[in-house]
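S.K.: I'll drop the sequence and a predicted model, then ask my questions.
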Amino acid sequence: MNTAPEGTAVLADPTTVGQLDAAVTAAHRAFEQARLADPQRRASWLDAIAAGLEQDAAGLVETAVAETHLGAARLEGELKRTVFQLRLFAAEIRQGEHFDATIDHADPDWPMGPRPDLRRCNVPLGVVGVFGASNFPFAFSVMGGDSASALAAGCAVVHKAHDAHARLAARTVRTVVDALESAGAPSGLFAMVTGRQAGEALVDHSLVKAIGFTGSTAGGRALLNRIAARPEPIPFFGELGGINAVFVTGKAWATRRAEILAGYAASFTLGMGQFCTKPGLLFIPAGQADGIRRELEQALSGFTPARLLSPRLHDGYAGAVTRLRDSGGVEVLVEGNFAEEPAPTVLLTTATDVRKNPELLRQEMFGPASLVVEYGDESELPALAGLLEGQLTTTLQAEAEDDVDALAARLADISGRVLWNGWPTGVTVSYAQHHGGPYPATTSNTTSVGTAAIRRFLRPLAYQSFPAQRLPEPLRDNNPWQVPQRVDGVWQRPSVPAAGSVAAREDKQ
């Protein structure tokens with residue numbers, strides 16, 4: 001284990017099981033202290049991490065460029081998103097809504113019989129294990145959404161670094177640990193471990209109370225099964241990806257065909273197709289394959305190929321495209337390749353063929369490739385959507401007068417986010433964002449992006465007839481932390497916003 005490595009060197013050796021145990025034990029001790037911190041103090045830790053990442057931004061991006069093959073502009077934007085997310089979470093927890101503080105005073109006349117004094121609020125789970133993703137070295141890695149939301153909730157974090165960007169992980173964790181130390185956070189609140197053995201031991205450790213994961217369906221399923229086999233199963237918040245189907249109505253196709261194909265080409269190749277929200281399926285009216293081929297080739301003519309994130313991902317991409325291409329009923333619409341910097345591939349099939357073999361709709365190609373499905377009549381679309389598994393996103397490309405209520409309802413059943421006349425790549429960090437979806441998109445009904453992600457790492461705890469001085473601060477009648485409280489069924493909010501909150505900043509503008 002190495003929580004604060006010198007310089008930017010790669011961690012020399014994988015973390016041993018003994019070192020993992022020491023890290024988790026230290027994290028638990030830190031959690032026992034950190035759970036008592038008020039929202040202002042806890043928020044200051046997130047702000048300190050954000051400032052530390054900003055201060056070392058040039059060095060972090062330089063390391064990431066060398067290790068991931070992603071461009072500097074893309075990585076600078078991703079780091080900016082990460083810093084913004086930390087500060088947004090800091091503002092969110094200062095407001096205190098995540099506590100969901102609820103007070104029911106004793107009521108002898110309660111209609112179902114005398115009611116005791118009951119008070120409930122959310123409390124942090126404990127130590128959270130976080131597995132970093134390969135495709136977002138900042139936004140879903142060391143200090144990505146899972147780590148940031150777990151810290152915001154009041155948990156400690158032990159992060160399992162992804163070997164695709166080990167040097168960047170080492171440099172990032174040093175920045176995070178130094179920032180927390182300078183802000184006065186308990187020692188051990190954040191740590192990093194490496195290696196498969198340590199990852200397995202992290203999942204098994206009795207002091208670990210939740211796991212966050214972003215990665216492949218196979219990897220996520222393996223973790224889910226391992227967690228279920230624990231003597232004490234724990235929550236597993238896994239984002240496993242998806243196909244992100246796009247449905248185009250006949251009117252939209254007739255009106256905006258060139259625009260739709262251009263948007264599709266840009267979206268499925270963005271970041272070399274290595275986004276979990278890449279549109280992997282496009283349903284369009286049948287009978288125009290030759291014209292579509294020409295328009296897609298034109299739309300892709302300005303595409304600049306780049307290397308994929310790692311040789312392992314490259315091999316997996318080539319295998320996935322080859323398997324789907326060689327399936328019955330599939331032909332090549334735009335010929336790509338599997339060069340070191342691969343050119344995009346677009347495959348073509350029909351509604352008839354996917355009804356015969358629904359697995360055609362369930363094969364993710366993690367890279368610059370996608371599958372077009374031709375349908376004969378718009379009335380087929382709800383049933384075709386019914387063949388899909390759970391999706392992070394689905395999209396409707398439609399006109400205002402289109403009757404797509406049945407299709408939209410079906411998409412709502414299987415999706416975490418449904419788009420109208422847009423493209424799913426690009427996931428803003430905001431209050432209403434939801435980044436999740438029915439399995440296999442994710443393993444829970446929660447979001448891994450946006451302020452609601454904080455609540456994943458909290459659990460409700462009720463106190464009955466407790467002495468006032470022994471209650472946690474959010475549940476006291478004098479409300480020392482000035483958080484929103486629901487008192488006897490009525491929400492009461494502090495008249496003065498908590499310092500540092502969004503509302504407080506707006507009052508000063």
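M.R.: Received it, and whenever you're ready, just let me know what you need.
S.K.: now the chain, which segments are flagged as low pLDDT?
M.R.: For the chain, applying pLDDT under 70 flags the ranges 1-12, 496-509.
S.K.: Please give me every residue in contact with the most centrally placed residue in the chain.
M.R.: Closest residue to the average C-alpha location of the chain: S448 at 3.6 Å, with CA atoms, centre = their mean. Applying CB atoms under 8 Å, 6 or more residues apart in numbering to S448 gives the contacts 140, 145-146, 149, 212, 214, 237, 239, 435-436, 442, 456. No exception for glycine: its C-beta is placed from N, CA and C like everyone else's.
S.K.: Show me what whatever helix or strand W253 lives in is packed up against.
M.R.: Using DSSP states H and E, the element containing W253 is helix 250-269. Where contact means 3 or more CB pairs under 8 Å, 6 or more residues apart in numbering; DSSP states H and E, helix 250-269 is packed against strand 281-285, helix 289-299, strand 369-375, strand 391-397.
S.K.: again, only using 10 Å
M.R.: strand 245-248, strand 281-285, helix 289-299, strand 345-350, strand 369-375, strand 391-397 (3 or more CB pairs under 10 Å, 6 or more residues apart in numbering; DSSP states H and E).
S.K.: Report the angle between that helix and helix 289-299.
M.R.: Here the directions of helix 250-269 and helix 289-299 differ by 40 degrees (axes from the mean of the first three to the mean of the last three CA atoms, to 10 degrees).
S.K.: Output the contacts of S448 in TSV; the columns should cover secondary structure, distance to T349 and neighbour count.
M.R.: Output for the contacts of S448, formatted as TSV (DSSP: H, G, I helix; E, B strand; the rest coil; distance: CB to CB, whole Å; neighbours: other CB atoms under 10 Å):
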residue	secondary structure	distance to T349	neighbour count
F140	coil	31	28
G145	helix	34	31
D146	helix	36	29
S149	helix	39	34
G212	strand	35	28
T214	strand	29	29
F237	strand	34	25
E239	strand	27	28
H435	coil	28	25
G436	coil	28	26
T442	strand	27	26
R456	helix	37	23
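S.K.: Using JSON lines, lay out the residues you listed together with distance to L270.
M.R.: JSON lines is the format used below for these (distance: CB to CB, whole Å):
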{"residue": "F140", "distance to L270": "16"}
{"residue": "G145", "distance to L270": "19"}
{"residue": "D146", "distance to L270": "23"}
{"residue": "S149", "distance to L270": "25"}
{"residue": "G212", "distance to L270": "24"}
{"residue": "T214", "distance to L270": "18"}
{"residue": "F237", "distance to L270": "25"}
{"residue": "E239", "distance to L270": "18"}
{"residue": "H435", "distance to L270": "16"}
{"residue": "G436", "distance to L270": "21"}
{"residue": "T442", "distance to L270": "21"}
{"residue": "R456", "distance to L270": "27"}
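S.K.: Out of these, which is nearest to N479?
M.R.: S149 (24.6 Å; CB to CB).
S.K.: That closest one touches L125, doesn't it?
M.R.: No: with contact defined as CB atoms under 10 Å, S149 does not reach L125; the gap is 11.5 Å.
S.K.: which residues are in contact with both of the two?
M.R.: 155, 456-458 (CB atoms under 10 Å, 6 or more residues apart in numbering).
S.K.: Now do the end-to-end distance for stretch 417-431.
M.R.: 14 Å (CA to CA, to the nearest Å).
S.K.: Oh, that last question was meant for stretch 141-159, not what I typed.
M.R.: Stretch 141-159 end-to-end distance (CA to CA) = 8 Å.
S.K.: Show me how far that stretch is from its chain's centre.
M.R.: Centre-to-centre, stretch 141-159 and its host chain are 12 Å apart (CA atoms, centre = their mean, to the nearest Å).
S.K.: now swap in stretch 248-256 and tell me
M.R.: So, by CA atoms, centre = their mean, the centroid of stretch 248-256 is 32 Å from its chain's centroid.
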